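Student: need coordinates for the following:
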Amino acid sequence: MNNRSILTFFLALIFLSSCEQYLEVELPGQEPKLVMNVLLEPSDTLKVFLTKSEGVLEGNQNDGFEVVENATVLFKDPSGETFLLDFADKKSHFGRDAYYYLANPVVNPDVEYELIAETTGFPSINSKQRLPVRVAIKDVQFSNLGPSSYWDGADEYEIVVTFDDLPGRDFFEISGSIYGLDTLIYNGDTTLHSYSAILNPEAVNPAYRKDFRMRPALLFKDVFLTGENSQIAFRTTIWREMDIDITLNLYHVTESYFLYYDTADFQVYNNGDFLSQPVLVYNNINNGLGVFMARNGDQRVIRIHRDQD
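Tutor: Have a look, this model is predicted:
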């Protein structure tokens, strides 16, 4: 390298160093907020999970968010009567399960309920939600499409569920489970062999499919439904060597339920990809964070025999 080249190299270094700048970035909204997550449905217990949010530079969220204890959580019905929720803190080797609960709540479809939470150091938070009416499963038809291309010893089935789509804008979810039990006799010994799996429905109509579906459930709007006797078709894989019981759930869900899982699944899908677009998870808690959502479901159990086509 000659002297002119060396001089040019050092001048370039000086120029680049003089161009270096430092930007100060102010992170907004780092103060903690109350986070309330609630699923309202016909059941013997209403559970309210109450935690505290953390800033991006605070703590380790992999250890779970801090549970808020000693809070006042109220459930208010349409008449204005309020019910105080109790606090349960259950610990096991699997972790901590802490929540506020109301035993045997009286909840009716198409009626608005309110949840209120208060604790020291935070503003009061609240949210309202209506329980959807139950939509019945009218019919279930299934057909065996033959051996699965992914799993040996399993067949792919197409299942068609018929139900009535109600007037107006509605949201639905289909989920379920698969269970099989078989008796094996070997050298005079009898052994029970069981099989269980999540249904994991995959929609036949491409309009219902999502690349970012992170849960084994089919969540959809009623945009393509036809009102009375609407149908949704999906496919799933079922073990071939034993009789199988399929438990099928059809949930009529609120818009908040749909938006929460739609955005939460998308956020999980984009996790770790710094080039992806930011995702704001749906929130309907006033003065806080989280979601108050509801669903009402119908269930059908279907038996498939091993020799059934």
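Student: what bits of the protein have low per-residue confidence?
Tutor: Filtered on pLDDT under 70, the chain yields the residue ranges 1-30, 55-64, 93, 269, 271-277, 279, 306-309.
Student: show me the residue at the heart of it, geometrically.
Tutor: Closest residue to the average C-alpha location of the chain: Tyr261 at 4.8 Å, with CA atoms, centre = their mean.
Student: just confirm that residue is within a strand.
Tutor: No - according to DSSP: H, G, I helix; E, B strand; the rest coil, Tyr261 belongs to no strand; its state is helix.
Student: show me what contacts it?
Tutor: When contacts are counted by CB atoms under 8 Å, 6 or more residues apart in numbering, Tyr261 touches Arg215, Leu219. For every residue, glycine as well, the C-beta is placed using N, CA and C.
Student: could you measure from it over to Ala203?
Tutor: Distance from Tyr261 to Ala203, counting by CB to CB, to the nearest Å: 15 Å.
Student: mind checking the SS state of Asp265?
Tutor: Applying three-state DSSP: Asp265 is helix.
Student: now do the SS call for the residue nearest to it when sequence neighbours are not counted.
Tutor: Spatial nearest neighbour of Asp265, excluding adjacent residues (CB to CB, 6 or more residues apart in numbering): Met214 at 4.4 Å. Under the three-state scheme (three-state DSSP), Met214 adopts coil.
Student: go ahead and confirm Met214 touches Asp262.
Tutor: No - counting by CB atoms under 8 Å, Met214 stays clear of Asp262, with 10.6 Å between them.
Student: neighbour count: the two, which is higher?
Tutor: Comparing Met214 with Asp262 by other CB atoms under 10 Å, the one with more neighbours is Asp262, at 17 against 14.
Student: pull the contacting residues for the more buried one.
Tutor: Listed by CB under 8 Å, 6+ apart, the contact set of Asp262 reads Leu219, Tyr282.
Student: do that again at 6 Å, thanks
Tutor: Asp262 makes no contacts at all, as judged by CB atoms under 6 Å, 6 or more residues apart in numbering.
Student: relative to Ile116, how far out is it?
Tutor: Separation of Asp262 from Ile116 (CB to CB): 27 Å.
Student: and stretch 72-89, what's buried?
Tutor: Residues Val73, Leu74, Phe75, Lys76, Asp77, Leu85, Phe87 are the ones in stretch 72-89 that count as buried (16 or more other CB atoms under 10 Å).
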